[in-house]
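Peer 1: fold the following.
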Amino acid sequence: MLEGVPSFAVSDVCLKCDGCCRFYEKDSCWRPRCGEVEIKAIGAERIDGRSYIKADESDGKHLCVCLEKDEHYCAIYTSRPFECQVYPCVLMKRGEKVMVSIHLSCPMVVEYRHSQKFADYEKQLREFFSKPDVKNFVKQNKHLAGDYPGYQEEFEDLFEVNI
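Peer 2: Predicted coordinates for the structure are as follows:
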């Protein structure tokens, strides 16, 4: 796993949100994609050549199998997939480019998007994604870059990952 992933969203906010770890469809584009090295450690499933965290149905929603919904915590938080670690950022496909984009619907982004706190976070992200091991991870796991059909307006591109 990669070390030093900058964090922005705090777990107290994340676990109270009804977003990331909960999906309306079992094959939702919102399910976290897993890198090749993460597949065995997490127990992912392959769909269309991509690996995703599994989702189990509960109360009409599909929940990430790692979410302990009654206790409101992630059972694999310290070893969660890269995509979970970088959220509210996601890797986006833009033609041949891989962009780091911010999910504008995240409550933390809604509150802090135009603050110094976010500017500092974006600087940390740029430094992180410029590291050779991170670039190599992204290059080896291009399938982590999604296109989120029907949700494009919920994202803002921050910068390109030069791989």
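Peer 1: okay, buried residues for the longest helix seen in the chain please.
Peer 2: If you go by DSSP state H, the chain has its longest helix at helix 116-129. Within helix 116-129, the residues that count as buried by 16 or more other Cβ atoms under 10 Å are 118, 121-122, 125, 128-129. For every residue, glycine as well, the C-beta is placed using N, CA and C.
Peer 1: let's see that helix as PDB, backbone CA atoms only.
Peer 2: In PDB, the C-alpha atoms belonging to helix 116-129 read as follows (Å, rounded to 0.1, in the frame of the first residue of the first chain):
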ATOM      1  CA  GLN A 116      -7.300  27.900   2.900                       C
ATOM      2  CA  LYS A 117      -7.800  24.400   4.400                       C
ATOM      3  CA  PHE A 118      -8.700  23.100   1.000                       C
ATOM      4  CA  ALA A 119      -5.900  25.000  -0.700                       C
ATOM      5  CA  ASP A 120      -3.400  23.400   1.700                       C
ATOM      6  CA  TYR A 121      -5.000  19.900   1.000                       C
ATOM      7  CA  GLU A 122      -4.700  20.400  -2.800                       C
ATOM      8  CA  LYS A 123      -1.100  21.300  -2.400                       C
ATOM      9  CA  GLN A 124      -0.400  18.100  -0.400                       C
ATOM     10  CA  LEU A 125      -2.300  16.100  -3.100                       C
ATOM     11  CA  ARG A 126      -0.200  17.600  -5.900                       C
ATOM     12  CA  GLU A 127       3.000  16.700  -4.000                       C
ATOM     13  CA  PHE A 128       1.600  13.200  -3.300                       C
ATOM     14  CA  PHE A 129       0.700  12.400  -6.900                       C
END
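Peer 1: give the rounded mean pLDDT of it.
Peer 2: On average, the pLDDT along helix 116-129 is 96.
Peer 1: who does it touch, helix- and strand-wise?
Peer 2: helix 132-140, strand 155-160 (3 or more Cβ pairs under 8 Å, 6 or more residues apart in numbering; DSSP states H and E).
Peer 1: out of those, nearest to Cys106?
Peer 2: strand 155-160 (10.6 Å; Cβ to Cβ).
Peer 1: perfect, I'm done here.
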